[in-house]
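Chemist: After the sequence you'll find the predicted model.
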Amino acid sequence: MNEKPILVIDGIEKSFPGVKALIDVSLDLRQGEVHAVCGENGAGKSTLMKIICGVYQPDGGNMILNGEDYSIQNPNDAYARGIAIIYQESSLFPELTVLENIFMGHEMQKPITPLLKMIKINDYPSMRRRASAIFERLGMDIDLDAIVSNLGVATKQMIEIAKALTFDSPILILDEPTAALTSKEVDTLFGTIRKLKTEGHSMLYISHRLDEIFEVCDRVTVLRDGQFIKTEDVAKTNRDKLVTWMVGRNLDTLYPKIEVDIGDVIFEARGLNQEGILNNIDFNLRKGEILGIAGLAGAGRTELALAVCGLTKLDSGELYLNNTKVSFPNYRSAQKHGVDYISEDRKTFGLVLEMSVKVNLTQKLQPKISNIFGIIRRNEEDLYTEDSIKKMDIKTPDSDFIVENLSGGNQQKVSVAKALVIDPQILILDEPTRGVDVGAKSELHRIISTLASEGRSIILISSDLPEILGMCDRVFVMKEGRMAGEVMRGEMSQEKILGMAL
């Protein structure tokens, strides 16, 4: 790694209406370095990256690239200067081929004939050779004619990287690149990052998963509340120090579990089957219990939750609520019985991102707070909204703030508060802390533990084994659509759970 910086960010400022997003932020990136940028949701990481890539214009400060002033107007300028960003959400066109996606907007072209040099057409043979050479560098064999919608998340991630390399980008920005990847796919990605690093590429790496920073990064810069806190060599720090810098305080515990006297069984599933998905599933849930559902990706955890809530149809099996046989032909029926589900994909299935915090929080409540003409009683709406914001400690400028502009952790709090409108006995939380920072994760764990202490029963589906170990009273482990085993709190270990999952 060359000690001389190739990109210098100095004193960057950025404000949005009512929000000071960045305040005098500085960092530098060296050649051949993987430089982590971390902080809580809302710390300013994504805003800074969008400024570097030309999506936003800074209000103050300056940037220097390879010793020259770096001032750009849009992402195409950034690509032209050798900086490419790979977002957490895929920017690929799903119905186009791999090859078409890789060269979209910057196709290699040639004259239609030697005599008609002014008229150019796409040079597909040259693009194929270039794309094949890039994937060979990455150690991947991908069908260039495959339709992107038919490919897995990890493959799409590699296509995004290949697309960036077609611009000969010496600087890559990776924004939460492992958020939707399995552990095996993460290993493949890390291998690619190390390979690119040896070739001299420099990378800014954003991740909430602190373990990844220690595995693949050289230095780390911490932002908090839009301000620069510290840059340090990864080898000279540790997880506890990083957490303290990120949140501005020591987290006494990431898993603030309240000990609860577990009650009787209130929900039971017997012999649940869905062809090719679930196979003879039995489990029960007790009052005040946090029951974990663990397993590898594809084990059937989410599919089980969807079936239990009436979001998908069971082929056979029985459900019992308070010792009474029940049937949930649809999701509304489950909600009426006091069973609610919070999806792992809050942006697609949990929230109306374009609408306000108030509208999202009171969406399910509207029949109760409307008069006979269907007109909402605004005073009741405001009272419930303010109570939810206070109870969940949702950090928002006001209740009319658009949900899309909240941090991931606060969006998740809105999802939980929205579910609590129906006062559920049973709450199914699917990956509740995915994509949120360590501080928000601790707050969400506190909320989950408090809900259980109030007598609600929680089913917690998580790929984060420390979360399962820290929060759950019992855990069921799934494998290939079956229940592979059950472990009580005092007997839990990562090795035991993984052993069952494998």
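Modeler: Looks like it arrived, so ask away.

Chemist: Model confidence for Thr244, exactly?
Modeler: Per-residue confidence (pLDDT) for Thr244: 83.

Chemist: brain fart, Ala440
Modeler: Value for Ala440, per-residue pLDDT: 77.

Chemist: what does Gln425 give?
Modeler: pLDDT for Gln425: 93.

Chemist: Give me the distance between it and Val339.
Modeler: Distance, Gln425 to Val339, using Cβ to Cβ, to the nearest Å: 7 Å. In this view, the C-beta of every residue, glycine as well, is placed from N, C-alpha and C.

Chemist: what does Ile266 give?
Modeler: Ile266 is 10 Å from Val339, by Cβ to Cβ.

Chemist: quick one, which of the two is more surrounded?
Modeler: Val339 (25 against 21; other Cβ atoms under 10 Å).

Chemist: Pull up the overlap in contacts between Gln425 and Val339.
Modeler: Leu321 (Cβ atoms under 8 Å, 6 or more residues apart in numbering).

Chemist: shared neighbours of Ile266 and Val339, anything?
Modeler: With Cβ under 8 Å, 6+ apart, Ile266 and Val339 have common neighbours 321, 425-426.

Chemist: Can you tell me which of those residues is nearest Gln31?
Modeler: Ile426 (54.0 Å; Cβ to Cβ).

Chemist: ok, that closest one touching Asp340?
Modeler: Yes. Ile426 lies in contact with Asp340 (Cβ atoms under 8 Å); the separation is 7.4 Å.

Chemist: Where neighbours are concerned, which of the shared contacts of Ile266 and Val339 has the most?
Modeler: Neighbour-wise, these (other Cβ under 10 Å) top out at Ile426, 22 neighbours.

Chemist: how about it, what does it touch?
Modeler: Here Ile426 is in contact with 266-267, 285, 338-340, 456-459 (Cβ under 8 Å, 6+ apart).

Chemist: Over to His337?
Modeler: Counted by Cβ under 8 Å, 6+ apart, His337 has contacts 321, 326, 328.

Chemist: just to revisit the earlier point, what would the shared contacts of Ile266 and Val339 look like in a markdown table with distance to Glu344 and secondary structure?
Modeler: Output for the shared contacts of Ile266 and Val339, formatted as a markdown table (distance: Cβ to Cβ, whole Å; DSSP: H, G, I helix; E, B strand; the rest coil):
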| residue | distance to Glu344 | secondary structure |
| --- | --- | --- |
| Leu321 | 24 | strand |
| Gln425 | 21 | coil |
| Ile426 | 17 | strand |
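
Chemist: So Ile266 sits against Lys287, correct?
Modeler: Yes. With contact defined as Cβ under 8 Å, Ile266 counts as touching Lys287 (5.0 Å).

Chemist: what do these two both touch?
Modeler: Ser457.

Chemist: and Thr172, how many residues sit next to it?
Modeler: Thr isn't right for residue 172; it's Leu. 23.

Chemist: now swap in Met355 and tell me
Modeler: Neighbour tally, Met355, other Cβ under 10 Å: 14.

Chemist: The stretch 101-250 of the chain: helices as residue ranges?
Modeler: Ranges of helices in the stretch 101-250 of the chain, per DSSP state H, counting those that start in this stretch, are 124-137, 153-166, 183-198, 210-216, 239-247.

Chemist: Which strands or helices does the shortest one pack on?
Modeler: Read it as helix 210-216. Contacts defined by 3 or more Cβ pairs under 8 Å, 6 or more residues apart in numbering; DSSP states H and E place helix 210-216 against strand 34-38, helix 183-198, strand 202-206, helix 239-247.

Chemist: So which of the ones you listed is nearest Leu7?
Modeler: Between the helices and strands packed on helix 210-216, strand 202-206 lies closest to Leu7; by Cβ to Cβ that is 7.3 Å.
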